[in-house]
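Enquirer: Next come a sequence and a model predicted from it.
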Amino acid sequence: MKVISLPNEILIPQVCQVLADGQEAVLNVRGSSMNPFIDGDRDSVVLKKETDYHVGDIVLAQIGEGVYVLHRILELKSDGTVVIMGDGNLQGREHCFRDQLYGRAIEVVKPSGRHKSLVSPKAMRRASAWRRLLPIRRYLLAFYRRIILKLK
């Protein structure tokens with residue numbers, strides 16, 4: 001299979017259109033903002049358009065003109081504002097509106113080809129526990145990035 005690399009400003013709007021048409025899309029992930037659940041530059045995610053998003057969902061969101069992130073929903077406000085943050089981030093939350101959520105990550109595809117659900121009850125429990133560990137996340141992430149990722 002031939003792999004083509006495109007800049008995000010070209011690729012992501014096309015992915016959003018595929019999702020809007022009701023199809024699933026597979027997107028290679030870059031960066032470390034979703035560690036330890038999604039390893040950037042290694043894993044891919046399967047995205048699907050949803051009509052109803054929930055706290056804990058990993059979403060493809062537009063947070064600025066031409067700026068897209070794959071982060072987890074922390075809060076859905078009644079005014080339509082959504083607060084999101086990467087699992088691998090220690091601080092810094094982004095805000096967008098519900099209509100700027102383009103898809104939900106339903107699976108992570110590991111380099112081995114193995115698919116792991118991101119929406120199963122077990123995955124959601126792990127994500128919830130991870131959110132509660134925010135005060136000590138710095139140390140856990142340091143261990144993960146310095147030890148675990150080196151072993152992969």
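Expert: Thanks, I have it.

Enquirer: Every contact and neighbour count from this point should use C-alpha atoms.
Expert: Fine.

Enquirer: Show me what residue 71 is bridged to.
Expert: residue 59 (DSSP bridges).

Enquirer: That one: what's it in contact with?
Expert: 33, 34, 58, 59, 60, 61, 84, 85, 86, 87 (Cα atoms under 8 Å, 6 or more residues apart in numbering).

Enquirer: which residue packs closest to residue 53, ignoring adjacent ones?
Expert: residue 104 (7.9 Å; Cα to Cα, 6 or more residues apart in numbering).

Enquirer: Surely that neighbour is in contact with residue 56?
Expert: No. With contact defined as Cα atoms under 8 Å, residue 104 does not count as touching residue 56 (10.4 Å).

Enquirer: Who has more neighbours out of those two?
Expert: residue 104 (28 against 20; other Cα atoms under 10 Å).

Enquirer: Could you list which residues are in contact with that one?
Expert: Counting by Cα under 8 Å, 6+ apart, residue 104 makes contact with 47, 48, 49, 50, 53, 57, 58, 59, 60.

Enquirer: Quickly check the contacts of residue 71 for the two that are furthest apart.
Expert: Taking Cα to Cα as the measure, the contacts of residue 71 reach their widest spread between 61 and 87, a distance of 14.7 Å.

Enquirer: So for those two, which residue has more residues nearby?
Expert: Regarding residue 61 and residue 87, a neighbour count based on other Cα under 10 Å identifies residue 61 as having more, with 27 against 24.

Enquirer: Next up, the contacts around the more buried one.
Expert: Applying Cα under 8 Å, 6+ apart, the residues contacting residue 61 are 68, 69, 70, 71, 96, 100, 101, 102, 103.

Enquirer: what helix or strand is it on?
Expert: Residue 61 is part of strand 58-64 when elements are defined by DSSP states H and E.

Enquirer: starting at the chain centroid, how far to the helix or strand of the chain with the lowest mean pLDDT?
Expert: Counting by mean pLDDT, DSSP states H and E, the chain has its least confident helix or strand at helix 149-151, which shows a mean of 81. Relative to its chain's centre, helix 149-151 lies at 21 Å (Cα atoms, centre = their mean, to the nearest Å).
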